[in-house]
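Engineer: pasting the structure only:
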C-alpha cells in the first residue's frame, strides 16, 4: 500500500506496523513498531455477594475479569454512588455497612481502553 495517510481494516491481535520511505534520490528509511489491536471489552463477573443477598457484618465485594488480547489495566468500584479506584485488586471490603439496600457497580478497563461494568 502506498499512501501518506493510510487506513486499513486490521484484525484484533498483535502485529507489526512497518513504514518505509524512499526519497527522490532513492535513499531508503524504515521503521517498525509492534502493536496490539483490541476492540473487545473485558469479561467481568461479580463473585460476591450474590445479587439480592442479605449480609451481616462486613460486606466483601468480589469479582473476576479477563481480557484475552491486551490484558486488564484497572478496576473501579462504585458503591452507593461513591467511586473507589481499586487498581488491580479483585475485591473490596466495606466495614460495617449501614443497614438497608446498597448498590455496587464494578468497572474494568483493558490496556486498550475498552470498559465493561456490572
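Structural biologist: Arrived safely. Quantities reported herein were computed from a predicted structural model and do not represent experimental measurements.
Engineer: what are the ranges of the strands in the chain?
Structural biologist: 13-22, 28-37, 43-48, 59-66, 72-79, 82-87, 91-94, 104-110, 115-117 (DSSP state E).
Engineer: quick one, which of those strands is packed in tightest?
Structural biologist: Among these, ranked by average contacts under mean count of other CB atoms under 10 Å, first place goes to strand 104-110 (a mean of 20). Heads up, the C-betas are built off the backbone N, CA and C, glycines and all.
Engineer: which residues sit against that strand?
Structural biologist: When contacts are defined by CB atoms under 8 Å, 6 or more residues apart in numbering, strand 104-110 is touched by residues 38, 40-42, 44, 46, 61, 63, 65, 67, 69-80, 115-118.
Engineer: What sits closest to residue 103 if chain neighbours are left out?
Structural biologist: Distances taken as CB to CB, 6 or more residues apart in numbering place residue 80 nearest to residue 103, at 6.0 Å, with adjacent residues excluded.
Engineer: show me what contacts the one you found?
Structural biologist: 102, 103, 104.
Engineer: which residues touch the least confident helix or strand in the chain by mean pLDDT?
Structural biologist: The helix or strand of the chain with the poorest confidence is strand 82-87; it has a mean of 85 (mean pLDDT, DSSP states H and E). Contact with strand 82-87 is made by 74, 75, 76, 77, 78, 92, as judged by CB under 8 Å, 6+ apart.
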